[in-house]
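Asks: model this:
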Amino acid sequence: MNIDKVSIPAKLAQFSDYWNPRIVGELNQQQVKLVKFKGEFVWHHHEHEDELFLVLEGEFDMEFRDKTIHLNKNDFLIVPKGVEHRPVASQEVSVLLFEPASTLNTGNTVGDLTKSELEKL
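Replies: So this is what the prediction gives:
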């Protein structure tokens, strides 16, 4: 068994593309992922999974059909399963995601931004 620390800045430095989560840890059928956002994502929801978004650097808006929540560095938001949402970032933002391993990044909306096989860093 290999037990070691994870350096978030070092992992974030390994990629520069947007909307492509990378797995940096796994526990109890959950995954810890790092992702960079810029621009608008697709409207979607997850039938069976809650998602946690923790802002590491930057800021973004999480849009819901009835409101928008602005998140700054060190803020986190839990989106309950079944709730339609869309992240929007005017500038680059780095986010840690914590969600079940079964979570597809685009949920019920499959398209160009869907990542079914995630890279492990």
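
Asks: Next one: Leu27 from Gly39, what distance?
Replies: To Gly39, Leu27 is 31 Å away according to C-beta to C-beta, to the nearest Å. C-beta coordinates here come from the backbone N, C-alpha and C atoms, glycine included.

Asks: where do the strands sit along the chain?
Replies: Taking DSSP state E as the test, the strands found in the chain are 22-27, 30-40, 51-57, 60-63, 68-71, 76-79, 86-100.

Asks: Pick out the residue nearest the middle of the chain.
Replies: The residue lying closest to the centre of the chain (C-alpha atoms, centre = their mean) is Leu97, at 4.3 Å.

Asks: got a list of what that one touches?
Replies: Counting by C-beta atoms under 8 Å, 6 or more residues apart in numbering, Leu97 makes contact with 21, 31-35, 51-54.

Asks: Of those, which is the nearest to Val6?
Replies: Of all these, Val6 sits closest to Val32, with 7.9 Å by C-beta to C-beta.

Asks: quick one: that closest one and Ile23 touch, right?
Replies: Yes: here Val32 lies in contact with Ile23, judged by C-beta atoms under 8 Å, at a distance of 7.3 Å.

Asks: Perfect, I'm done here.
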